[in-house]
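>>> could you look at this predicted model? Sequence included:
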Amino acid sequence: MYSRWLSYLLIGLAVTLGLLYAWAAAVSHSMNADGISYLDMGDAYMRGDWEMALDSVWSPLYAWVLGAVMRLVDPPMHLEFPVVHVVNFTIYLFALLCFVYFWRQVMHYHKARAAREGVAVLPAWAFSGLGYTLFIASSLVLIEIWSVTPDMLMAAFVYVAAALVLRIRLGDHRWRTFVLLGLVLGLGYLAKAIMFPLSILFLAAALFAVRDLRVGKPRILAAFFVFSLICLPYIAVLTATKGEFAASGAGKFTYAKHVNGVPFAHWQGETPGNGTPVHPSRQIFEEPPVFEFGTPIGGTYPVSYDPSYWYEGLEIYFDLEQQAEALLASFVYYYEVFIGLFGALVFSLVVFYLMGRRPSWRLTDIFSDWGLLFIALSVLAFYAIVLVAGRYIGAFIVLFFAVLLANVSLPDTVNGRKIAAILSGIAIVIILGNVLVSGLSGYRDFSNDQDISSSAAIKPGPPSWPDEVAEELRQLGIQEGDEVGIIGYGFDSFWARLARVRIVAELLSQDADPFWLGDAALQSDVIQAFSQTGAKAIVAENVPVYATLDDWHQVGNSDYFIYLLSN
């Protein structure tokens, strides 16, 4: 009884907190750079521009969802980003439903294993409370509901796939269960490419969960067949478009950027050991360096829309020092997650396992009972080598703790049950407290992004909202589809998406001082270089206080300025 009411309470809390987080993101017009590429990709699919739509870096399913909603709703410019957060909240609710299904299977497994071994289980209310607390923390703090990425969607498929493996472990060997597993894994791959190799691990876990390989093999083959029916057509089309096998083009680029230190954007082959770019962005002015990249890639900011094109020819290499630095950064992040966010649960689990019966170390039991844990650990180890981010690992942190909780074997004593209840209650309260602190901090960051005073080095006035810059461009006669240049960083220039313009030339902020400090002749030459790209205007971000701004239009009282080009 208490377990059911606590479950309802925490599900209600999950919905309420998710709604508050989504509302904060919507009213703040929050956006992230990856989100612009997914929106552009969704538009390309909806208008049938297959050449642009097929991209080996960004997975398609999330883009299909965004594209369909944008086509159906057709929001005005100032509401586009809020509508995206309504979509994200809907995906969050879907993930919650998938998690409810998953956690019920975890609880069934926990009770069945305890009954089989003759040991006590965690109180039902504690098990439910820890589960839903895990979901809330992982979804809101790690994956982040306001992040415009497919990670929440992938998490939903991870939960269902894990639930099906547990059902198989509990004796559900019906063919439809395995067919459904293949379907879910295929959709997971379309949501995010990392699910392609992970699907093989899920299928292996399901095979060992059957325990009788003669029964399991044909069913796993059926699951793999369904998985292949979903994945292979997309991979085949993508491979034909790119001219090489392309299940995903993100892995090598991510390693080169975050471990080898290859610059983003405008890599010209300057990093030793990383090869030579086949077709880099084109440098059209020497000092300060201005780059042009208007063709052949589409998108709001072509450099980020398809990095696989601009970084073709990229090679990665192993460097012990670089790898050690990456692993150290990953260790620090994992410490913050496991000790900071989930420290109370980690402590509780250590006590539970010290109190209870030791787990079986027979190979059949290890593979059948701990298979999902191997998947979670594999993901954590893989990202540790390259880059760890909360949204990458959130669902697998849940999977990690779920397996450990499910295999707890408590002593069937009054003191044992009392200790388990106390520690579980404390862990729930502390984790929810951490979520609250993180949420308040995140909301403050949202507010500060739009309401901070500028430093002395920046023109007076706060940063402008993206729709204000987009509206100013329209007022100055810039039309949808026009090309513009930027002095700043096009990767997070969200105004360009709202104005439906394409950034085709760029002078990065860190290289812009020679322009702002230069004489009139130099500034005229740089502006002329921008003009020759076909750009109709230059948008400058974070303009320094010492800049000469004749003929530049300020956006409100912000630190954004626009220069109209005559070409």
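Structure received.
>>> what sits against residue 325?
Listed by C-beta atoms under 8 Å, 6 or more residues apart in numbering, residue 325 has no contact partners. Where C-beta positions appear, they are placed from N, C-alpha and C, glycine not excepted.
>>> please report phi then psi for it.
As for residue 325, its main-chain torsions (degrees, to the nearest 10) stand at phi -60, psi -40.
>>> next one, pLDDT for it please.
Residue 325 carries a pLDDT score of 95 in this model.
>>> going forward, the N-terminal residue is numbered 26.
With the count now opening at 26, the last piece we talked about shows up as residue 350.
>>> tell me which other helices or strands the helix or strand hosting residue 178 touches.
Assessed by DSSP states H and E, residue 178 sits inside helix 176-194. Packing partners of helix 176-194 (3 or more C-beta pairs under 8 Å, 6 or more residues apart in numbering; DSSP states H and E): helix 85-98, helix 105-142, helix 200-216, helix 220-235, helix 396-411, helix 415-431.
>>> residue 529 should be in a strand, yeah?
Yes. Under DSSP: H, G, I helix; E, B strand; the rest coil, residue 529 sits within a strand.
>>> what's the burial count for it?
Using other C-beta atoms under 10 Å, residue 529 has 23 other residues around it.
>>> how about residue 438?
Applying other C-beta under 10 Å, I find that residue 438 has 11 neighbouring residues.
>>> got it, and the one 4 residues further on?
The burial metric for residue 442, expressed as a neighbour count using other C-beta under 10 Å, is 17.
>>> just so I know, which of the helices and strands packed on helix 176-194 lies nearest residue 277?
helix 396-411 (10.1 Å; C-beta to C-beta).
>>> what's the distance between that closest one and the middle of its chain?
Mean C-alpha position of helix 396-411 versus that of the full chain (C-alpha atoms, centre = their mean, to the nearest Å) differs by 16 Å.
>>> still on that earlier bit, got the angle for the helix holding residue 178 vs helix 105-142?
20 degrees (axes from the mean of the first three to the mean of the last three C-alpha atoms, to 10 degrees).
>>> one step back: need the winner for burial among the helices and strands packed on helix 176-194.
helix 415-431 (a mean of 24; mean count of other C-beta atoms under 10 Å).
>>> check the offset of the helix or strand just after that helix from the chain's centre.
The element immediately downstream of helix 415-431 (helix or strand, assigned by DSSP H and E) is helix 439-476. Helix 439-476 has its C-alpha centroid displaced from the chain centroid by 22 Å (C-alpha atoms, centre = their mean).
>>> okay, the angle between helix 439-476 and helix 415-431?
Angle, helix 439-476 to helix 415-431, by the same axes, to 10 degrees: 170 degrees.
>>> buried stuff in helix 439-476?
441-442, 444-445, 448-450, 452-453, 455-457, 459-460, 463-464, 467-468, 471 (16 or more other C-beta atoms under 10 Å).
>>> surely residue 525 and residue 509 touch.
No. The pair residue 525 and residue 509 does not pass the contact test of C-beta atoms under 8 Å, sitting 10.9 Å apart.
>>> that older thread, how about the helix holding residue 178 as CSV, C-alpha atoms only?
Extracted C-alpha coordinates of helix 176-194, given in CSV (Å, rounded to 0.1, in the frame of the first residue of the first chain):
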residue,chain,number,x,y,z
ASP,A,176,19.5,11.5,-25.4
MET,A,177,16.2,11.4,-23.6
LEU,A,178,14.6,9.6,-26.5
MET,A,179,17.4,7.0,-26.5
ALA,A,180,17.1,6.6,-22.8
ALA,A,181,13.4,5.6,-23.3
PHE,A,182,14.5,2.8,-25.7
VAL,A,183,17.3,1.7,-23.3
TYR,A,184,14.7,1.3,-20.5
VAL,A,185,12.4,-0.8,-22.6
ALA,A,186,15.2,-3.0,-24.0
ALA,A,187,16.5,-3.6,-20.4
ALA,A,188,12.9,-4.4,-19.3
LEU,A,189,12.5,-7.0,-22.0
VAL,A,190,15.8,-8.6,-21.1
LEU,A,191,14.6,-8.9,-17.5
ARG,A,192,11.3,-10.4,-18.7
ILE,A,193,13.3,-13.0,-20.7
ARG,A,194,15.3,-13.7,-17.5
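>>> next, the angle helix 200-216 makes with that helix.
Angle between the axes of helix 176-194 and helix 200-216 is 160 degrees (criterion: the same axes, to 10 degrees).
>>> so for helix 176-194, mean pLDDT?
Taken as a whole, helix 176-194 has a mean pLDDT of 97.
>>> what angle do it and helix 85-98 make?
Going by the same axes, to 10 degrees, helix 176-194 makes 120 degrees with helix 85-98.
>>> ok, residues contacting stretch 121-140?
Counting by C-beta under 8 Å, 6+ apart, 36, 39-40, 43, 145-147, 149, 152-153, 156-157, 160, 164, 180-182, 184-185, 187-188, 191-192, 194-195, 394, 423, 427, 430-434 sit against stretch 121-140.
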